[in-house]
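*Asks:* Mind folding the following:
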Amino acid sequence: MLESLRNIGIMAHIDAGKTTTTERILYYTGVNYKIGEVHDGTATMDWMIQEQERGITITSAATTCKWKKHKINIIDTPGHVDFTIEVERSLRVLDGAIGVFCAVGGVEPQSETVWLQADKYKVPRIAFVNKMDRIGADFFNVVDEIKTKLGKVAAPLQIPVGAEDTFAGVIDLLKLKKIVWKDESLGAEFDEVDLSEDEQAEADQYREELIESLADLDDDLAEKYLGGEELSTDYLMKTIRNLVIKKGFIPVLCGTAFKNKGVQTLLDAIVDYLPSPIDVGAVKGHDVKNTDKIIDRKPAKEEDFSGLAFKIATDPFVGQLTYFRIYSGELKAGGQVFNPLENKKERIGKILQMHANKREELQSAQAGDIVAITGLKFTTTGQTLCVSNKPIIYDLMEFPETVISVAIEPKTTADEDKLHKTLAQLKVEDPSFQFNSNKETGQLLIYGMGELHLEIIVDRLKREFNVGVNVGDPQVSYRETINSEATAFHEYNKEVGGKTQYGGVKLTVSPMEEQEVVFDPEFKSREIPEAFTNAAKSGVMDSVLGGALTGYPLIGVKATLKDLKFDEENSAELAYTIAASMAFKEACTKAGISLMEPMMNLEILTPVENTGDIISDLNQKRGRIVSIDSKGEREIIKAEAPLSNMFGYTTQLRSRSQGRASFTMSFKNYEKLENNLAKQILEKRGIFI
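*Replies:* Numbers count the residues shown, from 1 in each chain. Here you go, the predicted structure:
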C-alpha cells in the first residue's frame, strides 16, 4: 500500500553519523543480524573499498527495511562537499529526509549546503541530533542553530535525559514518558517509565513551547489552544505530520546511534511524520510537444507509467545499473518503455531491489518504488522514462561546475585502449566528473569537484578497472571572460564533396555579470530558415568550452546575432555553424580576454590560540576574512580564498594547530585575476600577451 511507503534520505555534514544511524536502522528493523561499524570498515552502506579505508561515504547507497507494517526505502548520502552531486540527485527523487546533526558540532557548513538542496526540491524533513554521549554535547544549542542558521521553524519532540557520559535516554513530550534503552541488548530493548516531579515540570515547559510553535503555523490548533481545550497526543501527532509535509516544520529528536540509543523513536517519527507518495501527491512534468505546458502524473499503479533515472552505477556482476524512481504506473521486467528526451525505446532487463551492493530480483515494481534497472542503453542521469503514447518529461537536474583538474596518462599501450572507455563510463556514473584532451599540450585532463574527488576517481581507475595511469599534480580549472563589447563578421564559403557550402554570420559579444554564456537570436528574417539561426547558436555554444585565447572555457558573455548572410543555392547549416564559431572567437579576441580563477568559501574551526596564525597564513594565500565567531572554546573563521593557493591545505592547517583545527571548503564563484598573476599562468602554458 502506498500509504505505508516512505522514501527517505539521510543527509548531514561529514562525520555527523549518517551511516552509523543507517546501520542501527538496519539492525533494529531486522535487515542485518549484527551491527556494522564505519570505523571498522564493516558498514553495510559504505561498501566501496575506498569508503571502508577512509571511513567516509563517497557514493549514495540505497536499501529497504520494514518498521511497524511500513516499508522504508533509505538512501544514505555522502557528507563531504566533493560528493555533493550524490546528495542532489538523491533528494531529487525522495519524499522525505532525516537531517543528522552532531550534538557538539551543531549546524556545520555542509549541513547548510544539504539543507539548501532539500529546500530546492521542497523535501519535508525531521532532525536527529546525534552523538549525545560526546563531551560538549548540547541538544538545545543545536535546536537554536537549526532555527537561526537554517531559518526553520523547529521544536523538540523529545528532550534528553542527561548528556555526555550521563546520557541515558529521552523524554517524549507528546506521551510525557521517559524512554530508557538497555545497553545489554545493544539498545534493542527499552523501558517506558513515568516521569519524576522535576522531569514532569521540565517536560511541561518544553511541551508548551512545542505547542506554541505549532500554533504559529496551524490556525485550528491555535484556536483550541487559546480556548483552553485539552490537546490529545493523536491530535498533536496528526497536526505535526500535516505541518511537516505542508509547512516545512522540523520536529527534532535526539540520541546516540553509536551507543544504540534513540534509533527506534527515530523510526517511529519516520513513519508518523514523513510523507508517503500519496501525501506528496501528483508529480508535475512537461508536455513533450509543448514544454511550457505543465502536466502531472498521480502516484497510482493504475496511472500511465513514468519515472526518473537519478543515478547510474556499474555492478561487477550485472553490468550497468540505472537507479530509478517510479512516479506512476507499473514497470515489468522485460517490458518496453520510452525515453522522450532521446526519442528512443528502451527494453527493461532485470528489476532489482538494492540493499547497498547486494540485490534482490523483482518481476515488477509500482508507483512509489525506488529500484535499479539493467538493460538500458540510452538513458542517462536525470532523464525520464514513460509510456510512448502518453509521454512526459520531468525537470532535469543541475550539475555543479568542476573547479580542479589533473593530467593523467596511460602507463602502457594496453592501458591507453582501456583508459578512454573507462573514463567515459565514470562520466556516465558521475555527471560532476569531466575529462578532455587539451589541444595545445596534448594532455588528457580529468576534472572534478576537489582533490578528494579526483583522488577517488584515480583510485577506482587503478583498482576497480585495472587501468595503469600516471597522475600529475592538481591544476586549477580557470575560465576566460571578455573585457568589453566587440563585433565580428565571418564568412564560410568552401566546396565540400563537390558542393559549395556558404554561411555568413555577424555577432556582437558583450560582458555580463552572470557566469554563463547566453545566445540572443536578435536578428530575424522571414527569408532565412530558422535552422540556420539554430546552426549559428550551435557554433557559438560549441566554441565556449575551448575559449578564445587559452583553451579555458568562456563565461560571462552574451553573444547577440546581428546578421546572417544568405545564399539561396549554397547556404548550409554546417557553414553557419563554422562561421558563427569563428565570428564568436574573433569578437571575443577583439573584446579583450581576462582570466578568471575559482574562489572558494572556507569555514575553519580552530582553538582560539591558533586563530592569529591561521588568519596570517590565509592573508598570504590572498584570502579574505569574512567573519570570526566564537563557539565555546573555539572560533569559526569564515573566509574566501583562491583555489590555486589551497592545495595541500589540510596538512598545513594541521601543522599550524597541532592537529586540532579542521576546515571545509566549497566553490563560491569565479573572479578576475590580476594582470600580473594571469600573465604568469599564461606564460607557463607558453602563451605570451
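*Asks:* Please count neighbours and contacts with C-alpha atoms only from this point.
*Replies:* Noted.
*Asks:* tell me what the longest strand along the chain is packed against?
*Replies:* Assignment by DSSP state E gives strand 593-607 as the longest strand of the chain. Using 3 or more C-alpha pairs under 8 Å, 6 or more residues apart in numbering; DSSP states H and E, the elements in contact with strand 593-607 are strand 479-482, strand 634-642, strand 662-672.
*Asks:* So which of those has the densest surroundings on average?
*Replies:* strand 479-482 (a mean of 26; mean count of other C-alpha atoms under 10 Å).
*Asks:* can you list contacts of the longest strand of the chain?
*Replies:* 109, 403, 476-483, 548-549, 633-643, 657, 660-673, 678 (C-alpha atoms under 8 Å, 6 or more residues apart in numbering).
*Asks:* Run the angle between it and strand 662-672 for me.
*Replies:* With axes from the mean of the first three to the mean of the last three C-alpha atoms, to 10 degrees applied, the angle from strand 593-607 to strand 662-672 works out at 160 degrees.
*Asks:* Show the average pLDDT along strand 593-607.
*Replies:* In this model, strand 593-607 has an average pLDDT of 89.
*Asks:* Just after that strand, pick out the following helix or strand.
*Replies:* helix 611-620 (DSSP states H and E).
*Asks:* so where's this structure uncertain?
*Replies:* Regions of the chain meeting the criterion pLDDT under 70 cover residues 32-61, 78-84, 184-185, 187, 316, 356-357, 438-442, 685-689.
*Asks:* So which residue is smack in the middle of it?
*Replies:* Closest residue to the average C-alpha location of the chain: Glu88 at 2.6 Å, with C-alpha atoms, centre = their mean.
*Asks:* Tell me who's in contact with it.
*Replies:* Contacts for Glu88 (C-alpha under 8 Å, 6+ apart) come out as 114, 117.
*Asks:* Secondary structure element holding it?
*Replies:* Using DSSP H and E, Glu88 sits in helix 84-91.
*Asks:* just the strands in the stretch 151-300 of the chain please.
*Replies:* Along the stretch 151-300 of the chain, counting by DSSP state E, counting those that start in this stretch, strands occupy 154-156, 158-161, 169-172, 177-181, 190-193, 250-254, 283-286, 294-297.
*Asks:* Likewise for the stretch 401-550 of the chain?
*Replies:* Using DSSP E, counting those that start in this stretch, strands in the stretch 401-550 of the chain cover 404-410, 434-437, 444-448, 469-471, 475-476, 479-482, 486-496, 499-511, 517-520.
*Asks:* Dump those strands into a markdown table; add distance to Asp369 as well.
*Replies:* Converted to a markdown table, these look like this (distance: least, C-alpha to C-alpha, whole Å):
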| stretch | distance to Asp369 |
| --- | --- |
| strand 404-410 | 37 |
| strand 434-437 | 31 |
| strand 444-448 | 31 |
| strand 469-471 | 40 |
| strand 475-476 | 41 |
| strand 479-482 | 42 |
| strand 486-496 | 53 |
| strand 499-511 | 47 |
| strand 517-520 | 39 |
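*Asks:* do you know which of those lies nearest Ser364?
*Replies:* Between Ser364 and the strands of the stretch 401-550 of the chain, the tightest spacing by C-alpha to C-alpha is seen for strand 434-437, at 34.9 Å.
*Asks:* what packs against that closest one?
*Replies:* Applying 3+ C-alpha pairs under 8 Å, 6+ apart, one finds that strand 434-437 contacts strand 444-448.
*Asks:* Adjacent strands (with direction) for the strand it packs on?
*Replies:* If you go by DSSP bridges, strand 444-448 pairs up with strand 404-410 (antiparallel), strand 434-437 (antiparallel).
*Asks:* Return the set of residues that bridge with Val557.
*Replies:* Pro511, Val517.
*Asks:* OK, contacts around it?
*Replies:* 481-482, 509-512, 515-518.
*Asks:* go with 7 Å
*Replies:* Contacts for Val557 were tallied using C-alpha atoms under 7 Å, 6 or more residues apart in numbering; they are 481-482, 509-512, 516-518.
*Asks:* Listing partners with orientation, what would you give for the longest strand of the chain?
*Replies:* With DSSP bridges as the test, strand 593-607 is paired with strand 479-482 (antiparallel), strand 634-642 (antiparallel), strand 662-672 (antiparallel).
*Asks:* Columns distance to Asp133 on top of these, output as TSV?
*Replies:* Converted to TSV, the strands paired with strand 593-607 look like this (distance: least, C-alpha to C-alpha, whole Å):
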stretch	distance to Asp133
strand 479-482	47
strand 634-642	20
strand 662-672	21
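*Asks:* Out of those, which is closest to Ile628?
*Replies:* Ile628 lies closest, by C-alpha to C-alpha, to one member of those: strand 634-642, at 4.6 Å.
*Asks:* could you give the angle of the closest one to helix 611-620?
*Replies:* For strand 634-642 against helix 611-620, the angle by the same axes, to 10 degrees is 10 degrees.
*Asks:* ok, and what's touching the helix or strand that strand 634-642 is followed by?
*Replies:* Helices and strands here follow DSSP H and E; after strand 634-642, the next one along the chain is helix 649-657. Here helix 649-657 makes contact (C-alpha under 7 Å, 6+ apart) with 610, 660-661.
*Asks:* and what of stretch 509-518?
*Replies:* 482-487, 555-560, 587-588.
*Asks:* how about a cut-off of 8 Å?
*Replies:* 481-487, 541, 544, 554-560, 584, 587-588, 591, 670.
*Asks:* So for it, first residue to last residue, what's the gap.
*Replies:* 10 Å (C-alpha to C-alpha, to the nearest Å).
*Asks:* And for stretch 5-23?
*Replies:* End-to-end distance for stretch 5-23: 20 Å, by C-alpha to C-alpha.
*Asks:* What is the three-state secondary structure of Lys342?
*Replies:* Slight slip there: residue 342 is Glu, not Lys. Recorded secondary structure, Glu342: coil (DSSP: H, G, I helix; E, B strand; the rest coil).
*Asks:* Spit out the contact partners of it.
*Replies:* 378-379.
*Asks:* Skipping adjacent residues, who's closest to Lys418 in space?
*Replies:* Leaving aside its chain neighbours, Lys418 sits nearest to Val467 (6.7 Å; criterion: C-alpha to C-alpha, 6 or more residues apart in numbering).
*Asks:* how many neighbours does that neighbour have?
*Replies:* Other residues near Val467 number 21, with proximity taken as other C-alpha atoms under 10 Å.
*Asks:* Kindly provide the distance from it to Leu682.
*Replies:* Relative to Leu682, Val467 is positioned 32 Å away (C-alpha to C-alpha).
*Asks:* what do you get for Thr19?
*Replies:* 45 Å.
*Asks:* that older thread, nearest approach to Lys66 belongs to which of the helices and strands packed on strand 593-607?
*Replies:* strand 662-672 (35.8 Å).
*Asks:* For the stretch 1-150 of the chain, which segments count as helices?
*Replies:* Remark: helices assigned in the stretch 1-150 of the chain by DSSP state H, counting those that start in this stretch are 18-28, 49-54, 84-91, 109-120, 139-148.
*Asks:* would TSV of these with distance to Val496 be doable?
*Replies:* Formatted as TSV, these follow (distance: least, C-alpha to C-alpha, whole Å):
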stretch	distance to Val496
helix 18-28	60
helix 49-54	52
helix 84-91	44
helix 109-120	49
helix 139-148	65
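*Asks:* Of all those, which one comes closest to Thr63?
*Replies:* Thr63 lies closest, by C-alpha to C-alpha, to one member of the helices of the stretch 1-150 of the chain: helix 18-28, at 8.8 Å.
*Asks:* Dihedrals phi and psi, Lys679?
*Replies:* Backbone geometry at Lys679, expressed as degrees, to the nearest 10, gives phi -60, psi -40.
*Asks:* What is the burial count for it?
*Replies:* 17.
*Asks:* Equivalent analysis for Arg6, please.
*Replies:* Neighbourhood size, Arg6 [other C-alpha under 10 Å]: 26.
*Asks:* How about Gly504?
*Replies:* Residues near Gly504, counting by other C-alpha under 10 Å, number 23.
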